[in-house]
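Student: fold the stuff below for me.
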Amino acid sequence: MTELHFIVEEAQEGGYVARAVGADIFTEADDLRQLHDQVRDAVRCHFEPADMPGIIRLHITREDVLQP
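Tutor: Next up, the predicted model:
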């Protein structure tokens, strides 16, 4: 695997949650800087060094609710 993609969403209670696409990896953090560290740590725990992806991509989504 050369790349691993995460979908990142803002949590309702604050902070962020990240879920890997195609791998059973989930993590959360209070801010984006912490999330970067948490994602790296989760990926290191999930993969053996020889199988580690070369790139981790975070796709950050945000929902805005507007009143008409």
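Student: G15 is in contact with L32, correct?
Tutor: No. Counting by CB atoms under 8 Å, L32 does not reach G15; the two are 9.5 Å apart. Any C-beta I mention is one placed from the backbone N, CA and C, and that applies to glycine too.
Student: how close does F26 sit to E10?
Tutor: Plainly put, F26 is 15 Å away from E10 if you go by CB to CB, to the nearest Å.
Student: then V39?
Tutor: 15 Å.
Student: which of these two has more residues huddled nearby?
Tutor: Neighbour tally, V39 and E10, criterion other CB atoms under 10 Å: the higher count belongs to V39, 21 against 13.
Student: so what's the more buried one up against?
Tutor: By CB atoms under 8 Å, 6 or more residues apart in numbering, the contact set of V39 is 6, 18, 27, 56, 58.
Student: pLDDT score for it?
Tutor: You'll see V39 listed with a pLDDT of 98.
Student: cool, the one 3 residues further on as well?
Tutor: Taken from the predicted model, the pLDDT recorded for A42 is 97.
Student: enumerate the beta-bridge partners assigned to the closest residue to it other than its chain neighbours.
Tutor: Once flanking residues are discounted, A42 sits nearest to T27: 4.6 Å by CB to CB, 6 or more residues apart in numbering. Beta-bridge pairing of T27 under DSSP bridges involves A18.
Student: do T61 as well
Tutor: Here T61 sits in beta bridges with E9, as judged by DSSP bridges.
Student: show me what contacts it?
Tutor: The contact partners of T61, by CB under 8 Å, 6+ apart, come to 7-9.
Student: ranges for the helices of this structure?
Tutor: 32-46 (DSSP state H).
Student: find the centremost residue of it, please.
Tutor: A18 (3.2 Å; CA atoms, centre = their mean).
Student: look up how far A29 lies from that one.
Tutor: Distance of A18 to A29, given as CB to CB: 8 Å.
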